[in-house]
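Asker: generate a structure from the sequence data that follows.
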Amino acid sequence: EVQLVESGGGLVQAGGSLRLSCAASGFTFDDYAIGWFRQAPGKEREGVSCISSSDGSTYYVDSVKGRFTISSDNAKNTVYLQMNSLKPEDTAVYYCASALLCSVVPGYFGSWGRGTQVTVSS
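Answerer: Model (predicted):
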């Protein structure tokens with residue numbers, strides 16, 4: 001059974017940092033890409049970042065470039081999202097998901113975690 005479990009969310013002041021984790025199981029981790037998405041109330045789910053576990057290639061949406069860093073520990077089947085210089089507009093539920101290739105399109109991702117709430121206060 002494929003499982004993706006996010007952790008690390010919380011409440012932080014603007015300018016602060018959080019590190020999200022996505023622990024994966026039930027599939028061959030090295031063969032997949034892991035993406036981070038976020039969804040704020042009343043808004044569509046947005047692709048934030050993605051990493052290919054096979055070659056380490058990464059993608060970031062423009063709004064987080066220079067502030068967020070995605071990384072993968074293949075030995076632990078875990079992907080991290082280090083979020084620095086957080087802004088109130090980063091407030092959302094953050095989800096990780098798996099796909100064969102990196103994409104910003106949520107529909108390309110077949111398995112999803114339940115999400116972790118990130119709240120950035122001003």
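Asker: what's the residue most central in space within the chain in contact with, if anything?
Answerer: Nearest to the mean C-alpha position of the chain, by CA atoms, centre = their mean, lies W36 at 2.4 Å. Contacts for W36 (CB atoms under 8 Å, 6 or more residues apart in numbering) come out as 20, 22, 47-50, 70, 79, 81, 94-96. No exception for glycine: its C-beta is placed from N, CA and C like everyone else's.
Asker: which element is it on?
Answerer: strand 33-39 (DSSP states H and E).
Asker: and that strand, which strands flank it?
Answerer: Paired with strand 33-39 in the same sheet, following DSSP bridges, are strand 46-52 (antiparallel), strand 92-99 (antiparallel).
Asker: quick one: the longest one to chain centroid distance?
Answerer: Okay, so that is strand 92-99. Relative to the chain's own centre, strand 92-99 is displaced by 5 Å; criterion: CA atoms, centre = their mean, to the nearest Å.
Asker: same deal with stretch 62-80?
Answerer: For stretch 62-80, the distance to the chain centre is 7 Å (CA atoms, centre = their mean).
Asker: now do it, average pLDDT.
Answerer: Average pLDDT, stretch 62-80: 95.
Asker: count of neighbours near the spatially closest residue to G9 that is not a sequence neighbour?
Answerer: Excluding the flanking residues, the one nearest G9 by CB to CB, 6 or more residues apart in numbering is T116, at 3.3 Å. Neighbour count of T116, defined by other CB atoms under 10 Å: 21.
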